[in-house]
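Asker: can't give you the sequence, but here's the structure:
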């Protein structure tokens, strides 16, 4: 631990302390010799102007009560953990969806790089030690992203042409943007659809010619948004219609038991080593896709309609392979 980080730890300790801190505890927290501890205290007090007061009789130090709320370290001080998090964020901005994030957030990324450079004091930053892998990201027009973001942040209504994947039919939508959602490496807009008079989620990569209007957007309560757009499984909206009961083999359970499928999921281990997971859902399509990736290690137990739907999907898949072999 270098002096930079020890100074930060010492400051935060004194800032948060309700009572004087013993020198013994200070030394334990800084993990240094007694002489180094005294030098760190002197540096914080004399070089950085910290309002440190000491009690030699009791062997304690503290910040002056009338100064503690006003004093902060000059500049930006980061611990090694915070620096690592900032470095990861920098790489995330650079490598995930570079056509959108790197362009829209370029000023912020430049500021992060400046902070990292200052903290590293000329040392090379180990960016190659952080790997960010995007999976299933679809192409997104940067102009669309910025236009939608502008309407959302300025609380203005938005119009755009939309071609839903389910029907591939083009429609014109007039919406009040509520919030942006980044889900499985793709962007979606949660919005109030004035034509449908209902909350809807729109994939930004399916939008064309978005235009910000002059009318103020209609704000919906956050609780209503969560109830309609976040209560069911995946990106599909609507209140849950049923709860899926899924069982996974002992092998697959080592992964599934640690996975987050839904905020209201329930899971428990079965006596034979398998894992049973319950998740609410409205639209079964995405849920079944996620179950299918586990192949024979997963079973849909209920409800009966969901189990039957999975059985039909598997039969159709087998049929495709049989047709390919026969031809």
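Answerer: That came through, no problem. From a predicted model like this one, the values you see are computed outputs, not experimental measurements. Residues are numbered from 1 along each chain as shown.
Asker: so where is the stretch 151-300 of the chain shaky, pLDDT-wise?
Answerer: Along the stretch 151-300 of the chain, the parts satisfying pLDDT under 70 run over 229-238.
Asker: can you pull out the strands in it?
Answerer: Remark: strands assigned in the stretch 151-300 of the chain by DSSP state E, counting those that start in this stretch are 156-163, 170-183, 186-193, 198-203, 207-216, 242-248, 266-269, 275-281, 298-302.
Asker: quick one: contacts of stretch 2-22?
Answerer: The contact list for stretch 2-22, computed with Cβ atoms under 8 Å, 6 or more residues apart in numbering, reads 1, 26, 29-30, 32, 36, 40-41, 43-44, 48, 50, 52, 55, 58-63, 68, 71, 73, 77-80, 119. In this view, the C-beta of every residue, glycine as well, is placed from N, C-alpha and C.
Asker: Residue 315: neighbour count?
Answerer: By the criterion of other Cβ atoms under 10 Å, residue 315 has 10 neighbours.
Asker: what do you get for residue 290?
Answerer: By other Cβ under 10 Å, the residues close to residue 290 number 15.
Asker: I'd say it and residue 259 touch.
Answerer: No - taking contacts as Cβ atoms under 8 Å, residue 290 lies outside contact range of residue 259: 9.6 Å.
Asker: Would you format the strands of the stretch 151-300 of the chain as CSV with mean neighbour count and distance to residue 322 included?
Answerer: CSV is the format used below for the strands of the stretch 151-300 of the chain (neighbours: other Cβ atoms under 10 Å; distance: least, Cβ to Cβ, whole Å):
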stretch, mean neighbour count, distance to residue 322
strand 156-163, 18, 34
strand 170-183, 17, 35
strand 186-193, 22, 34
strand 198-203, 18, 34
strand 207-216, 14, 40
strand 242-248, 20, 27
strand 266-269, 12, 36
strand 275-281, 20, 30
strand 298-302, 17, 22
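Asker: Distance to residue 22 added to these, as CSV?
Answerer: As requested, the strands of the stretch 151-300 of the chain are exported to CSV (distance: least, Cβ to Cβ, whole Å):
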stretch, distance to residue 22
strand 156-163, 57
strand 170-183, 47
strand 186-193, 52
strand 198-203, 55
strand 207-216, 58
strand 242-248, 52
strand 266-269, 46
strand 275-281, 48
strand 298-302, 56
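Asker: For residue 144, which of those strands is the nearest?
Answerer: The closest of the strands of the stretch 151-300 of the chain to residue 144 is strand 207-216. By Cβ to Cβ, the value is 5.2 Å.
Asker: which residues are contacting that closest one?
Answerer: Contacts for strand 207-216 (Cβ under 8 Å, 6+ apart): 144, 147-148, 150-151, 154-163, 174, 189.
Asker: I figured residue 204 hits residue 148, correct?
Answerer: Yes - at 6.1 Å, residue 204 counts as touching residue 148 under the criterion of Cβ under 8 Å.
Asker: Can you work out which residues contact both of those two?
Answerer: By the contact definition Cβ under 8 Å, 6+ apart, residue 204 and residue 148 are jointly contacted by residue 189.
Asker: Only the buried subset of the contacts of stretch 2-22, as a ChimeraX command please.
Answerer: Of the contacts of stretch 2-22, the buried ones can be selected in ChimeraX as follows, counting by 16 or more other Cβ atoms under 10 Å:
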select :26,30,32,40,41,44,48,50,52,60,61,62,63,71,77,78,119
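Asker: Take the contacts of stretch 2-22 and keep only those in strands.
Answerer: Counting by DSSP state E, the part of the contacts of stretch 2-22 found in strands is 52, 55, 60, 61, 62, 63.
Asker: Output those in JSON lines, with distance to residue 270 and pLDDT appended to each entry.
Answerer: Output for the ones in strands among the contacts of stretch 2-22, formatted as JSON lines (distance: Cβ to Cβ, whole Å; pLDDT from 0 to 100):
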{"residue": "52", "distance to residue 270": "59", "pLDDT": "94"}
{"residue": "55", "distance to residue 270": "60", "pLDDT": "91"}
{"residue": "60", "distance to residue 270": "56", "pLDDT": "94"}
{"residue": "61", "distance to residue 270": "56", "pLDDT": "94"}
{"residue": "62", "distance to residue 270": "55", "pLDDT": "94"}
{"residue": "63", "distance to residue 270": "55", "pLDDT": "94"}
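Asker: Which pair in those has the greatest spatial separation?
Answerer: Greatest spatial distance among the ones in strands among the contacts of stretch 2-22 (Cβ to Cβ): 55 and 63, at 12.7 Å.
Asker: one step back: determine which of the strands of the stretch 151-300 of the chain approaches residue 137 most closely.
Answerer: Taking Cβ to Cβ, strand 186-193 is the member of the strands of the stretch 151-300 of the chain nearest to residue 137, at 6.1 Å.
Asker: Each with direction, which strands does the closest one pair with?
Answerer: Using DSSP bridges, the strands paired with strand 186-193 in its sheet are strand 170-183 (antiparallel), strand 198-203 (antiparallel).
Asker: And these: which comes nearest residue 301?
Answerer: Using Cβ to Cβ, the nearest of the strands paired with strand 186-193 to residue 301 is strand 170-183, at 26.5 Å.
Asker: Tell me what angle the closest one forms with strand 156-163.
Answerer: Between strand 170-183 and strand 156-163, the angle formed by their directions is 110 degrees, by axes from the mean of the first three to the mean of the last three Cα atoms, to 10 degrees.
Asker: Kind regards, and thank you for your time.
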